[in-house]
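# Prediction below, plus the sequence it came from.
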Amino acid sequence: MPELPEVEAVVARARRAAKGRTIRKIEVLRASAVRPQTAALVARRAGNRRIENIERRGKNILIRLAGGYTIRIHLKLNGDLHTDGVNWSSRVIFHLSGGRQLVFDEPRALGTVNVLDEKQLAAALAGIGPEPLSREFRAEDFVEAAGKSRLAAKLFLMDQKRVAGLGNVYAAEALFRARIHPGRRMNELGAGEAGELYGAIREVLREAVKSAKIAYNHPGGHKEAARFKPSVYGREGEPCVRCGSRIRRIQQGGRSTYFCAHCQR
DNA sequence: CTGCCCCTGTAA
DNA sequence: TTACAGGGGCAG
């Protein structure tokens, strides 16, 4: 479930570990992890390149290399990029200068590592909307786009073209915070509701980024304490934290949506 | 817009 | 043993 906050935390950690180092060797343990590319291409493009920076765009991890190539990593469902050493779910190992290694893990094997040239990178990022925690994400734009869309609110929030980085968890949490039913059509939201939703997105994400950074950067006991606790996601049948009625689960776009039918109208 | 597919661990 | 979860890309 890495969404914007978790990817942000992973990126911060990877940046500290790897920025300025050179990739000595790339070991692809599972060929499908670099699909549709090949291990040979990945090694040829990224081998012996210096890591200029590591950034996040939406849920994409971008490792900027000297010479113009960029490693694009998508963690999909359960991916991770860490320095804790190799285990059974490790798919790609970046051997770095200074004896360090960065490891890409993906137990579900949906996540990918690709090395893109500038044109490919531009194409990959072309469809990604504004960063919700940046100034480019403006309330008036969001409200205007909302007024023009007949999409259900939950599906709208998960559409990466509209806002970057929200997934199943934080889309549901933002809707709960704004007290909006996930099935409401965006263009049928009331005057203040789209604005409420805009604010809720930013609040939820800001909180979650804080939690994720602690959870990903401190070992052991702090992790559990810092962990973001969803109000609705994954809580079917449990009491709503606001009103006590049972959280419900419905299907939207083939995926589960959790919400409180009493609080969210 | 809906639905299928990718892929595999885990829950039923 | 099977169903399901899930982001995103793509076909229909």
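On my side now, so go ahead.

# Around DNA strand C, which positions in chain A sit nearby?
For chain A, the contact set with DNA strand C under Cβ under 7 Å from any atom of the strand comprises A:1, A:3, A:58-59, A:74, A:76-77, A:108, A:110, A:124, A:127, A:158, A:160, A:167-169, A:234, A:254-256. The way it works is simple: take the backbone N, C-alpha and C, and place the C-beta from them, glycine included.

# all strands of chain A, in order?
Under the criterion DSSP state E, chain A contains strands at A:23-28, A:51-57, A:60-65, A:70-74, A:80-82, A:90-96, A:101-105, A:112-116, A:248-252, A:255-259.

# Show me what the fifth one is packed up against.
This means strand A:80-82. For strand A:80-82, the packing partners by 3 or more Cβ pairs under 8 Å, 6 or more residues apart in numbering; DSSP states H and E come out as helix A:4-18, strand A:101-105.

# quick one: it near DNA strand B?
No. In terms of Cβ under 7 Å from any atom of the strand, no part of strand A:80-82 sits within range of DNA strand B; the closest distance is 13.4 Å.

# in its sheet, what does that strand sit against?
The pairing partners recorded for strand A:80-82 under DSSP bridges are strand A:101-105 (antiparallel).

# How about the closest residue to DNA strand B within chain A: what's its closest non-neighbour residue?
Relative to DNA strand B, the nearest point of chain A is residue A:109 (3.4 Å; Cβ to the nearest atom of the strand). Spatial nearest neighbour of residue A:109, chain neighbours left out: residue A:32 (6.2 Å); criterion: Cβ to Cβ, 6 or more residues apart in numbering.

# Can you pull out the low-pLDDT segments for the stretch 151-265 of chain A?
Judged against pLDDT under 70, the low-scoring parts of the stretch 151-265 of chain A cover residues A:219-226.

# mind listing the helices for it?
Along the stretch 151-265 of chain A, counting by DSSP state H, counting those that start in this stretch, helices occupy A:153-158, A:168-178, A:193-217, A:221-226.

# picking that back up, ChimeraX command for the buried members of the residues of chain A next to DNA strand C?
Applying 16 or more other Cβ atoms under 10 Å to the residues of chain A next to DNA strand C leaves a buried subset, and the ChimeraX line that selects it is:
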select /A:3,58,59,74,76,124,158,167,168,169
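
# Now do the contacts for residue A:27.
Under the criterion of Cβ atoms under 8 Å, 6 or more residues apart in numbering, the neighbours of residue A:27 are A:92, A:93, A:95.

# I'd like those residues as JSON lines, with neighbour count and distance to residue A:38 appended.
Output for these, formatted as JSON lines (neighbours: other Cβ atoms under 10 Å; distance: Cβ to Cβ, whole Å):
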{"residue": "A:92", "neighbour count": "24", "distance to residue A:38": "13"}
{"residue": "A:93", "neighbour count": "17", "distance to residue A:38": "17"}
{"residue": "A:95", "neighbour count": "16", "distance to residue A:38": "19"}
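
# how many neighbours does residue A:213 have?
Neighbour count for residue A:213, taken as other Cβ atoms under 10 Å: 18.

# right, I mislabeled it, should have said residue A:120
The burial count assigned to residue A:120 is 15, neighbours taken as other Cβ under 10 Å.

# now do the one 5 residues further on
Residue A:125 sits with 16 neighbouring residues when counted by other Cβ under 10 Å.

# ok, it - contacts?
The contact partners of residue A:125, taken as Cβ under 8 Å, 6+ apart, are A:57, A:58, A:60.

# what do you get if the cut-off is 7 Å, keeping everything else the same?
Shown in contact with residue A:125 (Cβ atoms under 7 Å, 6 or more residues apart in numbering): residue A:57.

# again, but for residue A:213
When contacts are taken as Cβ under 7 Å, 6+ apart, residue A:213 is in contact with A:9, A:12.

# Would you mind measuring from it to DNA strand C?
Residue A:213 sits 20 Å away from DNA strand C, taking Cβ to the nearest atom of the strand, to the nearest Å as the criterion.
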